[in-house]
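> missing the sequence, but the structure's below:
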């Protein structure tokens, strides 16, 4: 079945949300509409729709003009078996002691490695992206320094690969949270596939906004592999939820954004422990003063 996309941008959240709502009334109807802030500080918002029939380009042009948006870019996506594609393209990843793999590569598991199984159908946040890889390497580095996490949380956990990595090497329960219900479902499925049920507890929450997260504070290690803006917004809460000498491992940060994140966390009581660039992404390990 063909899939079509229609994408545009405009300034301002309210206008963007109104345009997204108007798109839902198009005929043929989109199968989904998304409205997202462009994370570059420009104030732009991206509005996109997916269609299983060719969209009404005249109708899209009218909407763009009515809301002051750029003309929609309409594209037809090629039909792809994404699971098969992922199996071909995503080779296992080694990050220190951790080995992230799909079941189709189970025979490649090195002796003595800490295995983290992420199936191809759930392959976002697998370790192939520089941010996840950087966080796993930072975790491995802390453990090699003798640090043992007694109370660990993964905020914005995605697949929960970071929470599972901590649970593989340390004995206590690890908390994992995500604002997205689907991500929490995926995280729970991955936890079960890795025989870590009861060792990693997944909850749906924005930031630290869940009673189970509050009950476990203060933490001695928190992962947050998200984006620059929410990381900066999270800095005061991070400072309030990590105990003295505890660590934060942060990523989702473009290299040119790292100094701004460091400054925000300095104001929340953190010093830089290590800083690593992988491709265009920076991972920060911070220590609470």
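Sure thing, it's come through. The structure presented is a predicted model; accordingly, all values stated were derived computationally and were not measured.
> contacts and neighbour counts: CA atoms only from here.
OK.
> Can you list the residue ranges for helices in the stretch 51-200 of the chain?
57-67, 82-89, 130-144, 161-169, 181-193 (DSSP state H, counting those that start in this stretch).
> which one of those lies closest to residue 24?
Taking Cα to Cα as the criterion, helix 57-67 is the member of the helices of the stretch 51-200 of the chain that comes nearest to residue 24, at 11.1 Å.
> tell me the mean pLDDT over that closest one?
Per-residue pLDDT over helix 57-67 has a mean of 94.
> what do you get for stretch 154-166?
The model assigns stretch 154-166 a mean pLDDT of 94.
> what sits up against it?
Where contact means Cα atoms under 8 Å, 6 or more residues apart in numbering, the residues beyond stretch 154-166 that reach it are 98, 114, 116, 118, 122-126, 132, 135-136, 139, 149, 152-153, 174-179, 183-184, 186-187, 190-191, 196, 200, 207-208, 222-226.
> Go again with 7 Å.
Among residues not part of stretch 154-166, those counted as contacts by Cα atoms under 7 Å, 6 or more residues apart in numbering are 116, 124-126, 136, 153, 174-179, 183, 186-187, 190, 200, 207, 222-226.
> what does stretch 21-31 give?
Contacts of stretch 21-31 from elsewhere in the structure, counted by Cα under 7 Å, 6+ apart, are 49-51, 53, 55-56.
> With distance to residue 157 as extra columns, can I get these in TSV?
Output for those, formatted as TSV (distance: Cα to Cα, whole Å):
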residue	distance to residue 157
49	26
50	26
51	29
53	34
55	35
56	38
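> I'd like to know which of those residues are buried.
In the contacts of stretch 21-31, burial by neighbour count holds for 49-51, 53, 55, counting by 16 or more other Cα atoms under 10 Å.
> Which members of these are the farthest-apart pair?
In terms of Cα to Cα, those reach their longest pairwise distance at 49 and 53, which sit 11.5 Å apart.
> Residue 94 bridge partners, please.
residue 99 (DSSP bridges).
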